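Participant: how would this look folded up:
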Amino acid sequence: MKNELNLKNIPWGYELCFNNDCALRQQCMHYQASLLNPSERTSGPAVYPTAWASGECQRFCEVRMVQMAWGFSTIYKNVPSALKSEARRRVKHYFSSGNGPYYRYHHGENKLLPRQQADILQILSEFGPIDDLAFDHYVTDYNFT
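Facilitator: Below you'll find the predicted structure:
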């Protein structure tokens, strides 16, 4: 089941494209996002004409759905107790040196892309088996990267 793209899906600061002549516009997130641009908005990030000057767009982002995840309550279950703090530190460090980003992904304010999910599971594989590990929540949503 495909969700309909709407304005609330578009991340803050996402580049919009207004190139009505682009052959890929129907498959591009930047162009599709521009179609949802509210009329009261008069400025913001955009894809410049120079992006497609070479004959193909350097900023093309295919419209596609991906499975995103969030929540870390159970991903440490296979880590031995003596190593849990180190495993958690390594996962936190994956995002940055602070706690803020880690907790935004834990509480669902941010969602993990498939690549991030794989990276985190790779980190945890150094501490124990990962075959039965899962994040707390999953949702299928638009990929804006």
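
Participant: Spell out which residues sit in contact with the most centrally placed residue in the chain, please.
Facilitator: With distances taken as Cα atoms, centre = their mean, residue 113 lies nearest the centre of the chain, 4.3 Å away. Residue 113 makes contact with 66, 68, 143, 145 under the criterion Cβ atoms under 8 Å, 6 or more residues apart in numbering. In this view, the C-beta of every residue, glycine as well, is placed from N, C-alpha and C.

Participant: Which pLDDT does the model give it?
Facilitator: Residue 113 is assigned 94 on the pLDDT scale.

Participant: could you measure it against residue 12, distance?
Facilitator: From residue 113 across to residue 12, the span is 17 Å (Cβ to Cβ, to the nearest Å).

Participant: nearest to residue 129, of the contacts of residue 113?
Facilitator: Each of the contacts of residue 113 was checked against residue 129 using Cβ to Cβ; the closest is residue 68, at 23.9 Å.

Participant: Show which residues not belonging to the helix or strand harbouring that closest one make contact with it.
Facilitator: Assigned by DSSP states H and E, residue 68 falls within strand 65-70. Contacts with strand 65-70, where a contact means Cβ under 8 Å, 6+ apart, come from 2-3, 105-108, 110-114, 117, 135-143.

Participant: Recalculate using a threshold of 6 Å.
Facilitator: Strand 65-70 is contacted from outside by 105, 108, 111-112, 114, 117, 135, 137-141, 143, using Cβ atoms under 6 Å, 6 or more residues apart in numbering.

Participant: For residue 128, see how far away the most far-flung residue of the chain relative to its centre is.
Facilitator: Distance from the centre of the chain peaks at residue 82, with 31.9 Å (Cα atoms, centre = their mean). With distances taken as Cβ to Cβ, residue 82 is found 12 Å from residue 128.
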